[in-house]
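Visitor: got a sequence here, can you model it:
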Amino acid sequence: MKETSLKTILHREYQPSELLVERTIHRLREHRAVNFFLPAHLIFLGSAAMLIIAFLSGMSVQAWLQTKTQRAVYKEIKFSYYNPQAGRVEISGDFTGWETVKCEKRNDGSWEVIMKIKKNGRYRYLFIIDEETFVTDPAAKATVKDGFGRQNSVLTI
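Guide: Now for the predicted structure:
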């Protein structure tokens, strides 16, 4: 049976810094919490390894579970809008409570922002250019009237 060290598993699965891996292994050895050679078929315990790292770095089990739950409930979405002439681009929608969120300008003239949005929903949003022009997302698969004579983009997750 092939054996894999905890250090190898941590590097392959999570790419943590070398210092974090060494510190984690040192703490585990002090507490004799694990056997440092795991059979290959037990590597599925990646979540357990992350829990150990979280615990040893000071994160509570409750915080770790909450973070894991957020990954299951929320999805990271990258919004992008191309307008090299714009001085400012913001996004606003159901998922922000219609508050504006600033997008970052890229070297190619596009603007983007990454947001965590709750899964299993349908959301209306739009881009705001230079604090005065409201535009739909050209990449949106659908639009809907907003009740004010304009259109909103629709995102379904």
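Visitor: check contacts around residue 137.
Guide: 79, 81, 125, 126, 127, 153 (C-beta atoms under 8 Å, 6 or more residues apart in numbering). Where C-beta positions appear, they are placed from N, C-alpha and C, glycine not excepted.
Visitor: one more time with 6 Å
Guide: Contacts here follow C-beta atoms under 6 Å, 6 or more residues apart in numbering; on that basis residue 137 touches residue 153.
Visitor: measure it to residue 72 for me?
Guide: Going from residue 137 to residue 72 by C-beta to C-beta, to the nearest Å gives 26 Å.
Visitor: do the same with residue 83
Guide: 35 Å.
Visitor: kindly report the same for residue 148.
Guide: Distance, residue 148 to residue 72, using C-beta to C-beta: 36 Å.
Visitor: now swap in residue 117 and tell me
Guide: In this view, residue 117 and residue 72 are 13 Å apart by C-beta to C-beta.
Visitor: returning to what we had before: which one's more surrounded, residue 83 and residue 72?
Guide: For residue 83 versus residue 72, neighbours defined as other C-beta atoms under 10 Å are more numerous around residue 83 (17 against 8).
Visitor: please report how far that one lies from residue 94.
Guide: Applying C-beta to C-beta to residue 83 and residue 94 gives a distance of 23 Å.
Visitor: domain-wise, how is this structure divided?
Guide: Split into domains by automatic domain parsing, the chain comes to 3-59, 75-156.
Visitor: comparing the ones you listed by mean pLDDT, which bottoms out?
Guide: Looking over the domains of the chain, mean pLDDT reaches its minimum on domain 3-59, with a mean of 58.
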